[in-house]
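**Q** here you go, sequence then predicted model.
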Amino acid sequence: MALAVVAAVVAALTVFNLAQIVTLNRKLSDLNSRATTAENRARDLLTHANTVRRGLNPKELEEVSGDAREANALIGQRLFSWTDLLNRIETTLPDEVRVTSVHPVTDKDGKVFISMSAVGRRPDDIARFMENLESTGAFSDVYSRDESSTEEGLTQTAIEARYLPK
């Protein structure tokens, strides 16, 4: 009787193992089929991408890239905060100096440069204004591009600086 019980257990385990082998083989076949389908799809997509790349005219692509850079520059200018810039200038401006013009320019990399014209009683007043600008941390590479005297005896200076908006 013990031998019959052992034989029944062995038979049940054998049937279970066979069922597992059949189930796992089906899953393996399904996974292999899905992998083959995915590989074929990837190959088709690569072929299509290469076809599209060959069809692109490098000159047209460069033109579109230039247009995109220009559009990004315009967007950057649109996002430019005049209020923040003018507030920073106002807080650094000595009483003896007046700003007569301000012109921001955004380059292709998105860096903002400020050109401004300032008039002061003495060159030292303009120099102090430039130092004040740089000390804010919002301006760097502040330098005088041109300096002249007005008919009234004031010092007029063209100032250039890199502006680091918030």
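**A** On my side now, so go ahead.
**Q** other SSEs contacting the least confident helix or strand in the chain by mean pLDDT?
**A** Here the helix or strand of the chain ranked lowest by mean pLDDT, DSSP states H and E is helix 58-78, holding a mean of 76. Contact partners of helix 58-78 among helices and strands, from 3 or more C-beta pairs under 8 Å, 6 or more residues apart in numbering; DSSP states H and E: strand 97-106. Every C-beta, even on glycine, is put in place using the N, C-alpha and C of the backbone.
**Q** contacts for whatever helix or strand comes next after the strand it packs on, please.
**A** Next along the chain after strand 97-106, taking DSSP states H and E as the criterion, comes strand 112-120. With C-beta atoms under 8 Å, 6 or more residues apart in numbering as the test, strand 112-120 has contacts from 76, 80, 85, 89, 94, 96-107, 126, 129, 139, 145, 150, 154-165.
**Q** pop the domain breakdown of this protein in here.
**A** 2-55, 81-163 (automatic domain parsing).
**Q** sorry, back to before: got the angle for the least confident helix or strand of the chain vs strand 112-120?
**A** Between the axes of helix 58-78 and strand 112-120, defined by axes from the mean of the first three to the mean of the last three C-alpha atoms, to 10 degrees, the angle is 50 degrees.
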